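[1] Take this sequence and fold it.
(4 chains)
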2 protein chains.
Amino acid sequence: MTVNERKERQRFDREQLFLDKAAQLIASEGILQLQMAPLARACEYATGTLYQHFSSKEDLLLALVARNGCNQLKLFQQIAALAICNRHKILALCVAEELAREYHPSHARLEQYVFTEVVWENASASRRQMILDNSKPLSELVSGIVGAALAAGELPDHQCTALELSIAPWALCTGSHNLEQTSGLLAAFGLNKDPLQRYRHMHLLLNGMQWQPLQDLNDTAALAAQLQQLRQQVAPLFSGFCQLTVE
Amino acid sequence: MTVNERKERQRFDREQLFLDKAAQLIASEGILQLQMAPLARACEYATGTLYQHFSSKEDLLLALVARNGCNQLKLFQQIAALAICNRHKILALCVAEELAREYHPSHARLEQYVFTEVVWENASASRRQMILDNSKPLSELVSGIVGAALAAGELPDHQCTALELSIAPWALCTGSHNLEQTSGLLAAFGLNKDPLQRYRHMHLLLNGMQWQPLQDLNDTAALAAQLQQLRQQVAPLFSGFCQLTVE
DNA sequence: CTCATTTTTTGAATCTGGTTCATAATTTCG
DNA sequence: CGAAATTATGAACCAGATTCAAAAAATGAG
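    Numbering: from 1, shown residues only, chains lettered A, B, ... in the order given. As a prediction, this is how the structure comes out:
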């Protein structure tokens, strides 16, 4: 039935409009300032209409994160397809995470907020599931890289499955970003930030996993060059959907 | 002036009462259900009185985290004083983090929430500073352990300072816990939790840092025994302030 | 001890902003 | 075309954080 198709498409478009505008408002004013009535008004709809798409304000925030999760997945897939060695793919994912935060700083903060008990529990179950569903292929992708390295003999298994092993770099990457994001914390430590730091740490971990080829960390220049090169390979992959969540 | 001293002490005690009750309510009902008026009522004070201690609800949440930060510091100091090798001290800190989450699951969630832009920005500047002030000696303690290992030749510097190096295990530890805390995420990955996982990963990192003595990860039984022993050494240190934040 | 003054407490009133729902507008279709 | 069904509207509602004028308590000079 073509009528229903049209309706559905219109509904979808309107949802995207709400999400785009919300992302824009969050980026410019902060999460705190985002209010439902003004958002609806800014999109030229009534408050009630907004609530036909999102069961609550928190639900809308989750929707934003879910949508971005799709983009992240596409990005990660492109990275996995890059013609570089497996070890470098892991680093490239870390680079992608870093670039994403540079492009959309507000999005990283939103994500931190959304995974909070208070927000998570106030969203609809279906929206939560949407986010969880995104994470599954994401983890398969990462563990796929680890699995390929295992199969190629670049990496011993340390008595773990590929999935289990893949958690380590993932945790280090997100942990490192979270620490950095936590306002003023590293500064309170008396630490001035060095862009190579995270990659040193990641290499230390990968070396510990005996993931070939091992990296010599004493050659700072080589490390910087490697990072530079990865950034240049990853950055263009962003162009496709920089528009989707305008900042 | 003794009158003022008494007043100050009473004020302090009342603040502790508010915090204790708040912690208790959060533990039993969740952060979301914590309401200012009922909290004041439960402590047999008026709402306004509560606001003489905390500038906002968020400010109270930060106060809770700040108070716990003091306990954490004391705990970590005791661990640093343990008669075990430096490498094991780092693991012991990780164990402590894990035990703390087991004892006070709601506290970990609170901390995640508090470091969120929305909450952080709504607390008073002085309360924020209190938390940051806590973090400084904490980081000095951790980097002190790293520094001792460097000095003892157990660990090469990899072109980093002790503080910079100490960030790596810290990030891995918190990142790993955060991932686990994020509701349903690891389950969505299809991962069933193995209590040794985190320690394997930590050892992989420490091995990568070439932190002596290196750990053989193929001997699962030895690893489990080591973890068991660390838990037994760390657990008693908690007894001192388990009461402070009743769960 | 008394009373004027200062400090502290109180909780009802205020205010903000998310959510609902009766009504109005629009679309569908016989 | 008009009745029935669907969708949109936004003022009213409501929860809950915050305030503040009034009441109570503490202080201390005489």
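
[2] Please count neighbours and contacts with C-alpha atoms only from this point.
    Will do.

[3] Next, give phi and psi for residue A:108.
    Note on residue A:108: backbone dihedrals following degrees, to the nearest 10 are phi -60, psi -40.

[4] mind listing what it touches?
    Contacts were defined as Cα atoms under 8 Å, 6 or more residues apart in numbering or on different chains; by that measure residue A:108 touches residue A:101.

[5] can you check the one 5 residues further on too?
    Under the criterion of Cα under 8 Å, 6+ apart, the contact list for residue A:113 reads A:119, B:113, B:116, B:117, B:118.

[6] what do you get for residue A:183?
    Applying Cα under 8 Å, 6+ apart, the residues near residue A:183 are residue B:115.

[7] Tell me the backbone dihedrals of it, please.
    Torsion angles, degrees, to the nearest 10, at residue A:183: phi -60, psi 120.

[8] what's the answer for residue A:208, then?
    Dihedral angles for residue A:208 - degrees, to the nearest 10 - are phi -60, psi -30.

[9] Which positions in the helix or strand bottoming out on mean pLDDT in chain A come out as buried?
    Sorted by mean pLDDT, DSSP states H and E, the helices and strands of chain A end with helix A:185-189, the least confident at a mean of 82. When burial is assessed from 16 or more other Cα atoms under 10 Å in any protein chain shown, helix A:185-189 yields the following buried residues: A:185, A:186, A:188, A:189.

[10] Specify which member of the contacts of residue A:113 is nearest to residue B:158.
    Looking at those and their distance to residue B:158, the nearest is residue B:116, at 33.0 Å (Cα to Cα).

[11] For that closest one, give me its contacts.
    By Cα under 8 Å, 6+ apart, the contact set of residue B:116 is A:109, A:112, A:113, A:182.

[12] Cross-check the contact I'm expecting between the first one and residue B:119.
    No. At 11.7 Å, residue A:109 does not count as touching residue B:119 under the criterion of Cα atoms under 8 Å.

[13] picking that back up, show me which of the contacts of residue B:116 are buried.
    The neighbour count (16+ other Cα under 10 Å) marks A:109, A:112, A:113 as buried among the contacts of residue B:116.

[14] which stretch of helix or strand covers the second one?
    When you say that, I think you mean residue A:112. Taking DSSP states H and E as the criterion, the element that holds residue A:112 is helix A:105-114.

[15] on that earlier part again, between the buried ones among the contacts of residue B:116, which is nearest chain B?
    Ranking these by separation from chain B, with Cα to the nearest Cα as the measure, puts residue A:113 on top at 5.8 Å.

[16] and stretch A:157-177, which residues are buried?
    Judged by neighbour count (16+ other Cα under 10 Å), stretch A:157-177 contains these buried residues: A:157-158, A:162-177.

[17] With stretch A:42-58 instead?
    In terms of neighbour count (16+ other Cα under 10 Å), stretch A:42-58 has its buried residues at A:43, A:50, A:53, A:54, A:56, A:57, A:58.

[18] Quick check: the farthest pair among these?
    Of all the pairs that these form, the one spanning the most space (Cα to Cα) is A:43 and A:58, at 18.5 Å.

[19] Neighbours of residue A:228, how many?
    12 (other Cα atoms under 10 Å in any protein chain shown).

[20] go on, residue A:156?
    Using other Cα under 10 Å as the criterion, the residues surrounding residue A:156 number 15.

[21] State the pLDDT value of the residue lying closest to residue A:17 once chain neighbours are set aside.
    Taking Cα to Cα, 6 or more residues apart in numbering or on different chains as the measure, residue A:17 lies nearest to residue A:43, with 7.2 Å between them; neighbours along the chain are not counted. Among the per-residue scores, residue A:43 holds a pLDDT of 98.

[22] next one: the helix holding residue A:112 to chain centre, how far?
    Taking Cα atoms, centre = their mean, to the nearest Å, one finds helix A:105-114 lying 10 Å from the centre of the chain it belongs to.

[23] Same check on stretch A:210-217?
    26 Å.

[24] which residues touch it?
    By Cα under 8 Å, 6+ apart, the residues outside stretch A:210-217 that reach it are A:87, A:149, A:154-156, A:200, A:203, A:206-207, A:223, B:158-159, B:208.

[25] Tell me the residues of chain A that contact DNA strand C?
    Contacts of chain A with DNA strand C, taken as Cα under 7 Å from any atom of the strand, map to A:3, A:7, A:33-37, A:47-48, A:51, A:55-58.

[26] which parts of chain A sit against DNA strand D?
    Counting by Cα under 7 Å from any atom of the strand, chain A sits next to DNA strand D at A:44, A:45, A:46, A:47, A:48, A:49, A:52.

[27] hmm, try it at 10 Å
    When proximity is defined as Cα under 10 Å from any atom of the strand, chain A approaches DNA strand D at A:4, A:7-8, A:10-11, A:14, A:37, A:40-41, A:43-53.

[28] In this structure the residue nearest to residue A:17 contacts residue A:18, no?
    Yes. Between residue A:43 and residue A:18 there is a contact at 6.7 Å, judged by Cα under 8 Å.

[29] Give the residue spans of chain A that score low on pLDDT.
    Along chain A, the model assigns pLDDT under 70 to residues A:1, A:3, A:240-247.

[30] dump the residue contacts of the residue of it at minimum distance from DNA strand D.
    Taking Cα to the nearest atom of the strand as the measure, the point where chain A comes nearest DNA strand D is residue A:48, at 3.1 Å. The neighbourhood of residue A:48, defined by Cα under 8 Å, 6+ apart, contains no residues.

[31] what about it, helix or strand, and which?
    Using DSSP H and E, residue A:48 sits in helix A:47-50.

[32] Next one: the helix or strand just after that helix, is it in contact with chain B?
    As assigned by DSSP H and E, the chain's next helix or strand after helix A:47-50 is helix A:57-80. No. Counting by Cα under 8 Å from any Cα of the partner chain, chain B is not contacted by helix A:57-80; separation bottoms out at 12.8 Å.

[33] Centre of the chain to helix A:57-80, how far?
    7 Å.

[34] Report the angle between it and helix A:105-114.
    Angle, helix A:57-80 to helix A:105-114, by axes from the mean of the first three to the mean of the last three Cα atoms, to 10 degrees: 120 degrees.

[35] Isn't residue A:23 up against residue A:64?
    Yes. Residue A:23 sits in contact with residue A:64 when judged by Cα under 8 Å, with a separation of 7.4 Å.

[36] ok, and for stretch A:18-37, which residues are buried?
    A:18-27, A:30-31, A:34, A:36.

[37] Now for residue A:17, how many residues are close by?
    13.

[38] One more: residue A:13?
    Around residue A:13 there are 12 residues (other Cα under 10 Å).

[39] Compute the distance between it and chain B, please.
    Taken as Cα to the nearest Cα, to the nearest Å, the spacing of residue A:13 relative to chain B amounts to 29 Å.

[40] what helix or strand is that residue on?
    Assigned by DSSP H and E, residue A:13 belongs to helix A:2-29.

[41] Pull the residues that contact the helix or strand following that helix.
    The element immediately downstream of helix A:2-29 (helix or strand, assigned by DSSP H and E) is helix A:36-42. Applying Cα under 8 Å, 6+ apart, the external contacts of helix A:36-42 come out as A:18, A:21, A:22, A:46, A:47, A:49, A:50, A:57.

[42] which one among these gets closest to DNA strand C?
    residue A:57 (4.0 Å).

[43] Once you drop chain neighbours, what's closest to the closest one?
    Counting by Cα to Cα, 6+ apart, residue A:36 is the residue found nearest to residue A:57 once chain neighbours are left out, at 6.9 Å.
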